[in-house]
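A.B. asks: A predicted structure for the sequence below; I have some questions about it.
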6 protein chains.
Amino acid sequence: MRIAIINPNTTASMTGRIAAAAAAVASPGTDILGRQPAVGPEAIEGPFDGALSVLGLLKEIAAAEVEGVDAHIVACFDDTGLDAARAMTAKPVVGIGEASFHAVSLVAHSFCVVTTLSRSAPVIEDNILRYGFSHRCRRVFATDIPVLELDNPASGAFEKISDLIRRSIDMGAEGVALGCAGMAEFAQGLQREHGIPVVDGVTAAVGLAEMLVRCRLSTSKSGVWAQPTRPYVLERF
Amino acid sequence: MRIAIINPNTTASMTGRIAAAAAAVASPGTDILGRQPAVGPEAIEGPFDGALSVLGLLKEIAAAEVEGVDAHIVACFDDTGLDAARAMTAKPVVGIGEASFHAVSLVAHSFCVVTTLSRSAPVIEDNILRYGFSHRCRRVFATDIPVLELDNPASGAFEKISDLIRRSIDMGAEGVALGCAGMAEFAQGLQREHGIPVVDGVTAAVGLAEMLVRCRLSTSKSGVWAQPTRPYVLERF
Amino acid sequence: MRIAIINPNTTASMTGRIAAAAAAVASPGTDILGRQPAVGPEAIEGPFDGALSVLGLLKEIAAAEVEGVDAHIVACFDDTGLDAARAMTAKPVVGIGEASFHAVSLVAHSFCVVTTLSRSAPVIEDNILRYGFSHRCRRVFATDIPVLELDNPASGAFEKISDLIRRSIDMGAEGVALGCAGMAEFAQGLQREHGIPVVDGVTAAVGLAEMLVRCRLSTSKSGVWAQPTRPYVLERF
Amino acid sequence: MRIAIINPNTTASMTGRIAAAAAAVASPGTDILGRQPAVGPEAIEGPFDGALSVLGLLKEIAAAEVEGVDAHIVACFDDTGLDAARAMTAKPVVGIGEASFHAVSLVAHSFCVVTTLSRSAPVIEDNILRYGFSHRCRRVFATDIPVLELDNPASGAFEKISDLIRRSIDMGAEGVALGCAGMAEFAQGLQREHGIPVVDGVTAAVGLAEMLVRCRLSTSKSGVWAQPTRPYVLERF
Amino acid sequence: MRIAIINPNTTASMTGRIAAAAAAVASPGTDILGRQPAVGPEAIEGPFDGALSVLGLLKEIAAAEVEGVDAHIVACFDDTGLDAARAMTAKPVVGIGEASFHAVSLVAHSFCVVTTLSRSAPVIEDNILRYGFSHRCRRVFATDIPVLELDNPASGAFEKISDLIRRSIDMGAEGVALGCAGMAEFAQGLQREHGIPVVDGVTAAVGLAEMLVRCRLSTSKSGVWAQPTRPYVLERF
Amino acid sequence: MRIAIINPNTTASMTGRIAAAAAAVASPGTDILGRQPAVGPEAIEGPFDGALSVLGLLKEIAAAEVEGVDAHIVACFDDTGLDAARAMTAKPVVGIGEASFHAVSLVAHSFCVVTTLSRSAPVIEDNILRYGFSHRCRRVFATDIPVLELDNPASGAFEKISDLIRRSIDMGAEGVALGCAGMAEFAQGLQREHGIPVVDGVTAAVGLAEMLVRCRLSTSKSGVWAQPTRPYVLERF
């Protein structure tokens, strides 16, 4: 099985870390293809960056389709462009935001999200509402550490996330979803420290994509994700 | 007061009709500037087209900012790119989808939406959920007439919409929202025929934009619609 | 265009201030008619006062109908008697509570309400639930300053409201709705002080009423707001 | 124990039938006092009639307080004036609409309501939303038989209600609430005919009022139902 | 009238106190039969205990049916086994958890729950969601005093509950539901101390059961609570 | 990896088919252990059967813990006993009902469920509400074919399910979840016939369990699923 995991921002080092995290949990025989757009924002911090990243993301989806992958993962916690991506392919497409909500709700009755910037929290809250997890999510916290500072030890990201997990536990949350692809490598350490499930969406999405492929489930083409009515026009952009 | 109304698709005749409908309801002293992207889909039929239209839409928002408008209207019923547009400006930005839901709920206890393609209905339903009108909306109907066929008399658009309004009334709906900017010119005729409020989002959005400007309300910059963290990069695309 | 704005309490000075706030935002050519009942509570503080004010309110609606207005505004934040008022006329009727929720949700992703007495908060919360804004409203705060003390500088109303706006911002609210017609004159000052949208329902309602009139939308008579089955009996009371 | 059951309309024969239905289910030692306003609508058909009935209803609440009752019942299915009535007394006050929803949900997983006029259905739906039973109620049906025709055999009320119960069962409803005090006497016959619980709100309200009195529970005065801030002014009206 | 009140745990002293509390509020002519399983957990603290108690509970329901009672009460605040119990009988079956939510919502616009262990709070929250009271319940608090310590004065139960009622009032709750059958005897004292309604589910359930019996309402057999398809197999366990 | 899949009913042939379906989708290196209780109902048709099956299910969970499995699956679509099972182990436990809702929502914007008996539909609806998928699920249909007749060709199960899938598509559902473990073998055929995703919960649960194990996520012990307070007492039953 081949799964394309597309980082919709253009920061190559982040793509590398995302692909490594994905590969570490893939089952035997699954290949992970890390991809990123050639052009677009270096990081997705809020809906403006999100919108600017979509065209590049869709071009990578199109390229991965040509390569013949079995499933796609959109590796931005805001699930940016997810509906448009699904319209382009009958292969399963999983967003890492939705993946983390599905996963955490299987091991925790209620959860919190810890994300990067405050401006992203409402984007995540909107998604949680649309997906149906509002009553399971106690709060979306922001560290206000920029995405590209997460792997800079000077940012104190691990400690700040850890503090917010402590507050989540105080609020009764039984689990936590880390709200950025760039936090993937913190998950296991945080889980050990706090003794509750700490979900990284990248790894959860790999598992969900494998599940869909093995169950031979493909994206429904009968409704909102139907094949576009006009021929592909991505090359015009 | 100057209001830019941006048709996110590239069909100039549709932009003209939208701007005319807007101008017809604008209050004395309000100028309507009809705009459209140079590049993008000719019509927005589903989330793929919606995603492809956003970059062009945002460039028009940027251009209108330079022109010094007082408010922007996004004239696609899916409210495509609305969050990203709001992040670019402190001026009010109103989507015609949301405008129609706000307007119809002031004159009808429950309503239906009549839109173009079935694939757009879930996009609209998602928006209705996020905005909070799910319990007021009985159903989103689709005529399955393509956007660009609406003004072709051979499409029978008026009659098909009228049939679905009849079904809406049978379901207890007290009003109807027309789910496409291209249906604006049908509103008054349908209203006369059926005797219930039939809301066109274009005209409703003009009124809402004027209301926000007169009340000196501007888009909050304290949260999700904060100014983007990176310098404008639209020209890079 | 002529809009009747009816203060459902009997405090004439408050009616004057409401009408002045309304006139200040009306578009050219719109006349504002400030009205109030001859008999009823001096202020509406909770559901008992609200109930007692309705008969007087409805008599003013009837009188304004005779005067030939184009729309009515009910200028109590609890939207007291709104459904009954709508049943009496095909003209649009807008409540200032609902107006403020519609307006603030167009410029703020989430908001708080700051009202007068604690006992009014649940009335407002019930309305917010019925209108669909529960997930957008973080909290309804009360200053516990009585309605008629708002314009008494000794009450410290501006400062207390300002404190609660600060708490609203701490909770992540991107905007605030002022929960009493008597707070209209504070809105612009509070907005300048806090840098987020602060919505006054009186002015928002004027804009919404103008929008409905210009779009030729009238109150649906096909359902809950149908013409009463018995001849008007207001004069019997 | 003494329970005042107040029919908010002025049709004495209906008050008599309501009081008789109530007395038939009261426990030993409970006295039922049937009351009605001196002035007001003869029937409550929609929110306009509802608003006009409130003042008379509140005067009856005040009178019953003087008589020293232990609890009050508001015998209109729309629960007209319920919040205002609760503000006047620390005694329990139960509406027959809410009573029927509480009762039916204890014996049926889902239910339908069968009421009189279509214009009343949205009033009931709003109440069901506020009380929390929306997901349990499949539909509010209307017979479109006026309230005062219910006991006229020529109206065919029993048969029409019976037809709508049949449709309710087809929709999967496990129980039915009869949506008008004037339907009380049909409940047992309909229940026998259809073999599912058919709840009359009048009798349910008596049981709930008795329950509250026996449990020594009184209306909370700490919030929305606090004692009015101004001295009783009912006599001024 | 004869009502069986079944304590699903095996602690006889608790059954005695529950039955006494029930008898104290029963109306003249109502007999309360306190029952408990022969085998099962001594206390129900979380879903594991809850599951283990169900078989014993159902056997007591079956025995009470043979005795010819008119209604059953399940006296565990988690409403453990309630759906299964209802499937066994056409008699009304009332859970004390649901009873307390119905009762408190009639006398308080919003409420908190104060229960025993933190692990039980999510069980209660799930029930509140299913019953429809989520928007009325501000929070489910836990004292973290085990069920069987409640009547041990050394546990300080009354004071700890009282503290949490104080916090509930600070949060705007107008009433409180005590979240364990073992707290029944504290209700009146707490109500006197705090001046807001404090509901005990045991007594509320007695009132609701009497109401259902007097209104001749029985458990619907047309849906989820239909008679089991296989002959009773309880004796096989 | 070893996953125990526990059929909570006692029909061995059904356990065999469930285990075979599970094994067919398991990834390389995953062993499926099919298990069933020694005592309990032969099929789970409604909440009474569900309650009777729980004790046997929990004993199998305990036995599988001793065997050292990595995850457990509860193979009843009602997710019977799921919370209790989770309290017994830190290993992931997945219900096939929840699994199918998570899976179908990743490939279909809206879905229907097709289950066996009508009496099971409300159990499933309650679960869907608690899990958060109510707005995604258009309807839960019942074939009214008993569980143990599904694999009897004379029952016409495939055709009846197929008919209801057709109705689901007519209602706009983009996917379907098969609401019984005994329908697993129909999934691929139905999917081919109707061209939309048809999800079987057994196979979806295998994928979810593998995902959780690979991501090293275990059941939270900090809340509702905390280790029981009393020593295991299963052997006492």
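C.D. replies: Received, thanks.

A.B. asks: please count neighbours and contacts with C-alpha atoms only from this point.
C.D. replies: Noted.

A.B. asks: next, count neighbours for the residue of chain A found nearest chain C.
C.D. replies: When distances are taken as Cα to the nearest Cα, chain A reaches nearest to chain C at A:P122, 7.4 Å away. By other Cα atoms under 10 Å in any protein chain shown, the residues close to A:P122 number 20.

A.B. asks: then the one 5 residues further on?
C.D. replies: Number of residues near A:N127 (other Cα under 10 Å) recorded here: 21.

A.B. asks: got the angle between the strand or helix carrying it and helix B:121-131?
C.D. replies: According to DSSP states H and E, A:N127 maps onto helix A:121-131. Comparing the axes of helix A:121-131 and helix B:121-131 via axes from the mean of the first three to the mean of the last three Cα atoms, to 10 degrees yields an angle of 120 degrees.

A.B. asks: any idea how many residues pack against A:N152?
C.D. replies: 9.

A.B. asks: go ahead and confirm A:V198 touches A:L190.
C.D. replies: Yes. Here A:V198 reaches A:L190: they are 6.7 Å apart, a contact under Cα atoms under 8 Å.

A.B. asks: settle it for me: which of the two has more neighbours?
C.D. replies: A:V198 (34 against 21).

A.B. asks: picking up where we left off before, who does the helix holding A:N127 touch, helix- and strand-wise?
C.D. replies: Helices and strands touching helix A:121-131, as assessed by 3 or more Cα pairs under 8 Å, 6 or more residues apart in numbering or on different chains; DSSP states H and E, comprise helix A:96-107, strand A:137-142, helix B:121-131.

A.B. asks: out of the ones you listed, indicate the one that is most buried.
C.D. replies: Among those, helix A:96-107 has the highest mean neighbour count (mean count of other Cα atoms under 10 Å in any protein chain shown), at a mean of 26.

A.B. asks: now check that one, is it near chain F?
C.D. replies: Yes. Helix A:96-107 lies within reach of chain F by Cα under 8 Å from any Cα of the partner chain, at A:H102, A:A103, A:L106, A:V107.

A.B. asks: what is the nearest of these to C:C215?
C.D. replies: C:C215 lies nearest to A:H102 out of the residues of helix A:96-107 next to chain F, by Cα to Cα, at 44.1 Å.

A.B. asks: let's have the helices and strands packed on helix A:121-131 in a markdown table, adding mean pLDDT and distance to E:R17.
C.D. replies: Output for the helices and strands packed on helix A:121-131, formatted as a markdown table (pLDDT from 0 to 100; distance: least, Cα to Cα, whole Å):
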| stretch | mean pLDDT | distance to E:R17 |
| --- | --- | --- |
| helix A:96-107 | 98 | 38 |
| strand A:137-142 | 98 | 37 |
| helix B:121-131 | 98 | 48 |
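
A.B. asks: what's the closest of these to F:C180?
C.D. replies: Proximity to F:C180, assessed across those by Cα to Cα, is greatest for helix A:96-107 (19.8 Å).

A.B. asks: who's in contact with that closest one?
C.D. replies: A:73-79, A:111, A:124, A:127-128, A:131, A:133, A:136, A:175-179, A:181, A:197-202, A:204-205, A:208, F:92-94, F:102, F:212, F:217-220 (Cα atoms under 8 Å, 6 or more residues apart in numbering or on different chains).

A.B. asks: next step: these restricted to strands.
C.D. replies: Among the contacts of helix A:96-107, DSSP state E puts A:73-74, A:111, A:175-179, A:198-200, F:93-94 in strands.

A.B. asks: just say helix, strand or coil for A:V69.
C.D. replies: coil (DSSP: H, G, I helix; E, B strand; the rest coil).
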